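A.B. asks: predicted model follows, preceded by the sequence.
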Amino acid sequence: MLTASDVKNQPGSGIDHLIGDPDRPILTVGPIGSAGAGCLSFAAASARADAIAELMAGVDGAILVCSATVADAVGADRTTLLVAENPRLAFLRAVRNHFALARPSPGIHPTAAVDPSAEVDPTAHVGAFCSIGAGCRIGAGTVIHSHVALYSGVRVGRNVTINSGTVIGADGFGYEKNESGELEKFPHIGGVVIEDDVEIGSNTSIDRGTLGDTLLKRGARIDNQIHIAHNVVVGRDSAVIAQAMIGGSVKIGDRAWIAPAAVIIDRVSIGSDTLVGLSAVVTKSVPDGQVVMGFPAQSDAEFKATRAALKKLIP
């Protein structure tokens, strides 16, 4: 049976020390609001210690991952405390190590349509009703869930996850008006390259490049319902979150955070370690390490100053 000490002693657990009964059994996991006997839960590092102590006052036999401040407030008389500098990170590691859902078995579902020229590693999983185009390459340990379409020439690295309904490698939106005012399509002869350890949500579209490749670098995280246009580069360990629109030829640096519903117009560069705020519209390049927000997007200091000035103008 899994115990609190088992979780604490897992290599790389992120748990600094244990307070209370080390042999307390862990039977399930859940949110702190529904914690009970045998339930492993966590309190975020930002949580108010007094509020968590009040919440846990009537609970017997729970196991709580928390900060040292919360641990002091809760006490270990009725709860086993796993103290961590980053409780959420330690908790997710515990869940991943001991309670994660099983990954789909390797192999290609019989309903999937895989072009004979595509290369699928035998340890990869291709789900039901997927379409894998000519010349695609899918690396070891990758999981492609049902109803995903990879157009020709898409290259997917190792240990990538692509969720249902996503389309990768379709032509981007590129047209030029001719002498008669008609729109002639710009050829898209590039591809899409997805490096190792990337995760892509459901119902997302990632367009192929025009002449070069659209590129998602190692460790990138792409949420549900994202549009990534042709020739985009998403840097290592960057996150693009729900309903964001990344315009053509945008370059996003490493460890950037693009918040929900943000819009980044064509050919803009977003620096490394940058945060683009909720629903921001980015119309010019952003240097490394900046926080931008608003419409049009501006630095957080400019945004706050503008809001303060507006409040003075409005009675």
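C.D. replies: Yep, that arrived. Residues are numbered from 1 along each chain as shown.

A.B. asks: which residues of this protein score low on pLDDT?
C.D. replies: When residues are selected by pLDDT under 70, those of the chain lie in 315.

A.B. asks: ranges for the helices of it?
C.D. replies: 4-9, 49-56, 68-74, 87-98, 300-313 (DSSP state H).

A.B. asks: export those to JSON lines and tack on distance to G190?
C.D. replies: Placement of C-beta: from N, CA and C, glycine included. Output for these, formatted as JSON lines (distance: least, CB to CB, whole Å):
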{"stretch": "helix 4-9", "distance to G190": "46"}
{"stretch": "helix 49-56", "distance to G190": "51"}
{"stretch": "helix 68-74", "distance to G190": "51"}
{"stretch": "helix 87-98", "distance to G190": "35"}
{"stretch": "helix 300-313", "distance to G190": "35"}
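
A.B. asks: what's the closest of those to R221?
C.D. replies: Closest to R221 of the helices of the chain, according to CB to CB: helix 87-98, at 13.6 Å.

A.B. asks: report the buried residues of the closest one.
C.D. replies: For helix 87-98, the neighbour count (16 or more other CB atoms under 10 Å) marks 87, 90-91, 93-94 as buried.

A.B. asks: and of the helices of the chain, who's closest to A112?
C.D. replies: Here helix 87-98 is closest among those (CB to CB), at 27.5 Å.

A.B. asks: measure how far that closest one is from the centre of its chain, please.
C.D. replies: 16 Å (CA atoms, centre = their mean, to the nearest Å).

A.B. asks: how about stretch 48-55?
C.D. replies: 30 Å.

A.B. asks: now swap in stretch 307-315 and tell me
C.D. replies: 37 Å.

A.B. asks: do the same with stretch 118-130
C.D. replies: Worked out by CA atoms, centre = their mean, stretch 118-130 lies 22 Å from the chain centre.

A.B. asks: measure that stretch end to end?
C.D. replies: 13 Å (CA to CA, to the nearest Å).

A.B. asks: contacts for that stretch?
C.D. replies: 103-109, 111-114, 132-150, 158, 164 (CB atoms under 8 Å, 6 or more residues apart in numbering).

A.B. asks: kindly format the C-alpha coordinates of stretch 302-309 as PDB.
C.D. replies: Extracted C-alpha coordinates of stretch 302-309, given in PDB (Å, rounded to 0.1, in the frame of the first residue of the first chain):
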ATOM      1  CA  GLU A 302       2.800  51.500 -19.100                       C
ATOM      2  CA  PHE A 303      -0.500  49.600 -18.800                       C
ATOM      3  CA  LYS A 304      -0.900  50.400 -15.100                       C
ATOM      4  CA  ALA A 305       0.100  54.000 -15.600                       C
ATOM      5  CA  THR A 306      -2.400  54.400 -18.400                       C
ATOM      6  CA  ARG A 307      -5.200  52.900 -16.300                       C
ATOM      7  CA  ALA A 308      -4.300  55.200 -13.400                       C
ATOM      8  CA  ALA A 309      -4.400  58.200 -15.600                       C
END
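
A.B. asks: what's next to that stretch, contact-wise?
C.D. replies: Residues outside stretch 302-309 that contact it (CB under 8 Å, 6+ apart): 292-294, 298.

A.B. asks: try 7 Å
C.D. replies: By CB atoms under 7 Å, 6 or more residues apart in numbering, the surrounding residues in contact with stretch 302-309 are 293-294.

A.B. asks: with stretch 237-254 instead?
C.D. replies: 172, 219-236, 255-272, 274, 288.

A.B. asks: can you do 6 Å?
C.D. replies: 219-236, 255-272 (CB atoms under 6 Å, 6 or more residues apart in numbering).

A.B. asks: ditto for stretch 266-279
C.D. replies: Residues outside stretch 266-279 that contact it (CB under 6 Å, 6+ apart): 247-262, 282, 285-293.

A.B. asks: which of the buried residues of helix 87-98 sits closest to L81?
C.D. replies: P87 (10.3 Å).

A.B. asks: report the contact partners of that closest one.
C.D. replies: With CB under 6 Å, 6+ apart, P87 has these contacts: 42, 45, 65-67.

A.B. asks: selection in ChimeraX covering whichever of those are buried, please.
C.D. replies: Of the contacts of P87, the buried ones can be selected in ChimeraX as follows, counting by 16+ other CB under 10 Å:
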select :42,65,66,67
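
A.B. asks: of the contacts of P87, closest to D6?
C.D. replies: V65 (13.5 Å).

A.B. asks: which of the contacts of P87 fall in strands?
C.D. replies: 42, 65-66 (DSSP state E).

A.B. asks: residues in contact with the closest residue to G169 other than its chain neighbours?
C.D. replies: Nearest residue to G169, sequence neighbours excluded (CB to CB, 6 or more residues apart in numbering): Y151, at 3.2 Å. Going by CB under 6 Å, 6+ apart, Y151 touches 133, 169-170.
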